[in-house]
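Student: Sequence and predicted structure, then a few things I'm wondering about:
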Amino acid sequence: MAGAAKARLGTGAKLRLAAVTWLEYVRVIARFRGVSLPDLVRALESPDGGRLAPLEPRRLGKLVHRFLNQGPFRPRCLTMSLVLFRLLVRQGTTAQLVVGLPPEPTDTDAHAWVEVDGRDVGPPPGRMGHEEMARYGGEGS
């Protein structure tokens with residue numbers, strides 16, 4: 001991504017980004033109740049919330065994963081992906097939320113990840129070999 005900061009984040013910048021990540025997590029959870037996934041993604045694409053300093057999308061995916069996986073807390077892949085999607089939108093990056101299944105699903109093995117320009121950017125572990133079922137946001141809305 002052109003213009004994305006590659007320099008090491010200082011402690012203050014990391015703390016601010018962690019706080020914004022958790023705030024967006026709470027907002028995603030609050031908005032998810034009673035709303036379809038396509039409608040939620042459309043709501044998360046709105047420009048409200050202010051612009052964030054750009055980070056390379058894959059790096060941001062790793063940071064979101066690290067910030068939200070604290071102690072025994074392990075959010076679901078869909079929730080983490082929605083938070084990453086929202087943060088990417090806030091930094092001005094066109095992103096898509098993708099939901100898929102493994103090639104031979106045996107139960108409810110659905111998985112969610114985020115893509116930018118057709119590239120899996122996480123959050124880790126990303127696509128994991130899953131085959132796309134649905135795509136939301138960006139050009140996939």
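Tutor: Thanks, I have the structure now.
Student: and stretch 43-60, which residues are buried?
Tutor: Leu44, Glu45, Leu52, Pro54, Leu55, Pro57, Arg58, Arg59, Leu60 (16 or more other C-beta atoms under 10 Å). The way it works is simple: take the backbone N, C-alpha and C, and place the C-beta from them, glycine included.
Student: correct me, but the third one touches Ala19?
Tutor: No - Leu52 sits out of contact with Ala19 when judged by C-beta atoms under 8 Å, with a separation of 11.7 Å.
Student: circling back to that earlier point, Throw the buried residues of stretch 43-60 into TSV and include distance to Leu97 and secondary structure, thanks.
Tutor: As requested, the buried residues of stretch 43-60 are exported to TSV (distance: C-beta to C-beta, whole Å; DSSP: H, G, I helix; E, B strand; the rest coil):
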residue	distance to Leu97	secondary structure
Leu44	9	helix
Glu45	10	coil
Leu52	18	coil
Pro54	19	coil
Leu55	18	strand
Pro57	13	helix
Arg58	16	helix
Arg59	19	helix
Leu60	14	helix
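Student: Touching stretch 73-88 from outside, list them.
Tutor: 20-21, 24-25, 27-29, 32, 40-41, 44, 49, 52, 57, 60-61, 64-65, 68-69, 95-97, 99, 111-114, 116, 121-123, 137 (C-beta atoms under 8 Å, 6 or more residues apart in numbering).
Student: I meant to write stretch 25-42 there.
Tutor: With contacts defined as C-beta under 8 Å, 6+ apart, stretch 25-42 is touched by 43-44, 68, 75, 79, 82-83, 85-86, 97, 99, 134, 136-137, 141.
Student: what's the farthest-apart pair in those residues?
Tutor: Leu68 and Ser141 (24.9 Å; C-beta to C-beta).
Student: Among these two, which residue is more densely surrounded?
Tutor: Neighbour count, other C-beta atoms under 10 Å: between Leu68 and Ser141, Leu68 has more, with 20 against 11.
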